[in-house]
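# Need a 3D model of the sequence below.
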Amino acid sequence: MKMRRYIVETMCLLMAILLSAGCHRRPLEEMNDSLYLDLTLDLDVLNHPGPLPTPELMRVVFYDAVSGDFVSDDYVLAEGGYINAQPGHYNMVVYNFDTESTLIRNDRSQHSIEAYTSEIPNSTRTNLLTKLNSVTKPADYVAPGEDELIVYEPDHLLVARKDVEVLHRTGEQIIYAEGESIVETYYLGVKLRNKGNLASAQALLSGQAKSNKFGFEGGRSNEPVILYFEMEAGINDRTGEDALQTTFNTFGKLPGEVSRLWLTIVVTNTNGETITWQKDITDEFLDNPEKYIYIEEDEIVVPDPPTPPPGSGGGFHPEVEDWNEEHYDITI
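Below is the predicted model:
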């Protein structure tokens, strides 16, 4: 019995010695020696007030260099970080993961990954089109059709693309990539009269690209949409004039298309009355490296609220006539 126990203990000891000789401790940080993405983002965008906010998170997607099919993805901070990818030839696409109005779909292929924005609510659309249909418009004005999409403006989407060969490595491999926004920002202003009467202003701009298939450069869609945004009263920084103005974002004009860009503004005054203003701004949009549009000759005049007739008062402005004294004898 003792001999059997001795043999078992001896065999266990020999196995422990052999296993310890065949293994070695691997530090947890060893993956940091494999693949590192050094990412630089251009946060300066023309007409944007100051640099873009630094993204909280960037998604790194590896697509097969031949088929364009999805292989793997990872996440890093804005400056980059350590990522995982098997050795191979890839097309890498990196983009920020924290946008609100810009949505991403069809990401299983480099050929189909697409940034787009959602449609405005039906109630807003119906309200705008009803106001447009109730006023006289320019003879050549093209009103939004029932089947045309009216969408929100996009957030800035920072994108980096690179052809990458991930090596069989024993040390660290560094991938350098630079990203910039695929969204353009325009300044838009119209000379304004009677700005004190303004309550709100909503704008529609036709002839804009529906989306951007950003897996490749120049991926703007050939499908048109109408862009929706709001404007407010202010002072034009170049003329010092009162202006109805804003900065708006867009994926850009339809690429290679000869289309008219109609700007429609629905203005509501403080009395709840509305007027519409339309102008073809195609020429202002083309050959405009500053992306700065200011319309001075066709000003917007906000109508004065009607003056109430004397004594009409109303719940918010009551009026009381002068008191007339009357005397009565009371018999007690």
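
# wait, what's in contact with residue 229?
152, 153, 202, 203, 205, 246, 248 (C-beta atoms under 8 Å, 6 or more residues apart in numbering). To be clear about C-beta, it is placed using only N, CA and C from the backbone, and glycine gets the same treatment.

# 7 Å instead, please
Counting by C-beta atoms under 7 Å, 6 or more residues apart in numbering, residue 229 touches 153, 203, 246, 248.

# export these to TSV and tack on secondary structure, distance to residue 180 and pLDDT?
Shown next, in TSV, are the contacts of residue 229 (DSSP: H, G, I helix; E, B strand; the rest coil; distance: C-beta to C-beta, whole Å; pLDDT from 0 to 100):
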residue	secondary structure	distance to residue 180	pLDDT
153	coil	18	97
203	strand	26	97
246	strand	23	98
248	strand	19	98
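
# Quickly list what residue 96 is bridged to.
residue 58 (DSSP bridges).

# Could you measure from it over to residue 183?
11 Å (C-beta to C-beta, to the nearest Å).

# where does the spatially most central residue of the chain land in three-state SS?
Nearest to the geometric centre of the chain sits residue 155, at 1.5 Å (C-alpha atoms, centre = their mean). Secondary structure for residue 155, judged by DSSP: H, G, I helix; E, B strand; the rest coil, is coil.

# what about residue 183, neighbour count?
By other C-beta atoms under 10 Å, 23 other residues sit near residue 183.

# pLDDT score assigned to it?
Per-residue confidence at residue 183 stands at 98 (pLDDT).

# just residue 10 next, same as before
pLDDT for residue 10: 56.

# How much space separates the nearest residue to residue 262 once chain neighbours are set aside from residue 270?
Counting by C-beta to C-beta, 6 or more residues apart in numbering, the nearest residue to residue 262 once its immediate chain neighbours are dropped is residue 206, at 4.7 Å. The gap separating residue 206 from residue 270 is 29 Å, by C-beta to C-beta.

# How about residue 205?
Noted for residue 205: a distance of 25 Å to residue 270, by C-beta to C-beta.

# Compare these two and say which is more crowded by neighbours.
Counted by other C-beta under 10 Å, residue 205 and residue 270 do not tie: residue 205 has more neighbours, with 23 against 14.

# Residue 138: what's it in contact with?
Listed by C-beta under 7 Å, 6+ apart, the contact partners of residue 138 are residue 278.

# Just confirm residue 130 is within a strand.
No: using three-state DSSP, the assignment for residue 130 is helix, not a strand.

# and it, how many neighbours?
The number of residues packed around residue 130, counting by other C-beta under 10 Å, is 10.

# Just the pLDDT for it.
pLDDT recorded at residue 130 is 87.
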